[in-house]
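K.L.:
Got a sequence here, can you model it:
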Amino acid sequence: MGTHEVAFLHRQLQERKQRLEEAIALAPLRAGLGGLLQQVDAALDRMTNGTFGLCEKCHDSIERDRLLADPLVCYCLTHLSKPQLDALQRDLDLAAQVQRNLLPPTGLRAGSWQTNFHYAPYGPVSGDYCDLIPADEELFFVFGDVSGKGVAASMLMTQLHALFRSLAHMSLPLDQVVILANRVFCESALAGQYATLICGQARSTGAVEIYNAGHLPAIVLQRSGITKIESTGLPLGMFDKISLSGMKLHLDPGDLLFLFTDGFSEAQHADEEYGVDRIVNLLGQHHGQSSAEIIATCLHDLESFIDIPPFDDVTLLAIQRTT
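P.N.:
Residues are numbered from 1 along each chain as shown. Got it, this is the predicted structure:
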């Protein structure tokens, strides 16, 4: 674990210690507070003597995501007791349910815009981010991928979800929405944590505005051909101030916008990667399919390509203008 992360957790523990001491002073007999304060003090002691993050049983490193989620843990997964493992599994199941509840409805429609998505986390929780916010006959969409895996990545994904949900209803220019989200995200993300992101607005007229902040290309499938909307800026969370340029285009009925995370494009067959070019070629062969059919076609082709299951979260989103 990096020094910045340890410093962040140290501040968290000191703040938790202060609040516990204040609570004990107000209610000294309240059950559990004294024991929790002892756990916080023990974690701070481990930071002082250099054993923080090491399992007290085998002295190997404790899983980074677990430490970021709970700096009080002192055993690696291998040496957790049965009740502890059961409690951890319950927490993961609950986190997975919360995260799935944040996903948009399947087959969401906003005016002439029809959407479909596929969401398959590699583990119980995911750092992939997909949200669709309809407003009258228009559609605000955000799609991305938080660095890392596990609980820490899913927590940041949840924060992004709340940020963009709040900003989407403020009638701000789209570039300002992304800039403000980045500023808030930078204040809470640890050093080295970031999120690649595509943010867009689809109007009732067929006009679409898109900003790509460090993400894989968005693919526009039109009767006239295929366009890739490449990244024009750094991912969110890397610097307080970012500069982005957007792209504006017009989609006619039948045209489609396709977004994906790297769990799809980096899927493997032997030493070969699935790749963006294969995605572009596949979509080019199926112009005219519905958004649901495009998702199904991509998943079928992925299944026929891979020789081992994907080792990352796989999320796909198709947004199509129907009339």
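K.L.:
helix or strand right after the helix or strand that contains residue 304?
P.N.:
Under the assignment given by DSSP states H and E, the secondary-structure element containing residue 304 is helix 291-305. Taking DSSP H and E as the definition, the helix or strand that follows helix 291-305 towards the C-terminus is strand 314-321.
K.L.:
Please save the CA atoms from that next one in CSV.
P.N.:
In CSV, the C-alpha atoms belonging to strand 314-321 read as follows (Å, rounded to 0.1, in the frame of the first residue of the first chain):
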residue,chain,number,x,y,z
VAL,A,314,-17.7,-6.3,-18.7
THR,A,315,-20.2,-3.5,-19.4
LEU,A,316,-21.8,-2.6,-22.7
LEU,A,317,-24.3,0.2,-23.6
ALA,A,318,-26.2,0.8,-26.8
ILE,A,319,-28.2,4.0,-27.3
GLN,A,320,-30.3,4.1,-30.5
ARG,A,321,-32.5,6.7,-32.1
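K.L.:
Sheet partners, orientation included, of that strand?
P.N.:
The partner list of strand 314-321 in its sheet, established with DSSP bridges, is strand 113-120 (antiparallel), strand 256-260 (antiparallel).
K.L.:
helices and strands around the helix holding residue 304, which ones?
P.N.:
On a contact count with 3 or more CB pairs under 8 Å, 6 or more residues apart in numbering; DSSP states H and E, helix 291-305 meets strand 113-120, strand 256-260, helix 276-284, strand 314-321. Placement of C-beta: from N, CA and C, glycine included.
K.L.:
Same list (these) but as TSV, adding mean neighbour count and mean pLDDT.
P.N.:
Output for the helices and strands packed on helix 291-305, formatted as TSV (neighbours: other CB atoms under 10 Å; pLDDT from 0 to 100):
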stretch	mean neighbour count	mean pLDDT
strand 113-120	21	97
strand 256-260	25	98
helix 276-284	16	96
strand 314-321	25	97
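K.L.:
Out of those, the one nearest residue 2 is which?
P.N.:
Each of the helices and strands packed on helix 291-305 was scored for nearness to residue 2 using CB to CB, and the closest is strand 314-321 (27.4 Å).
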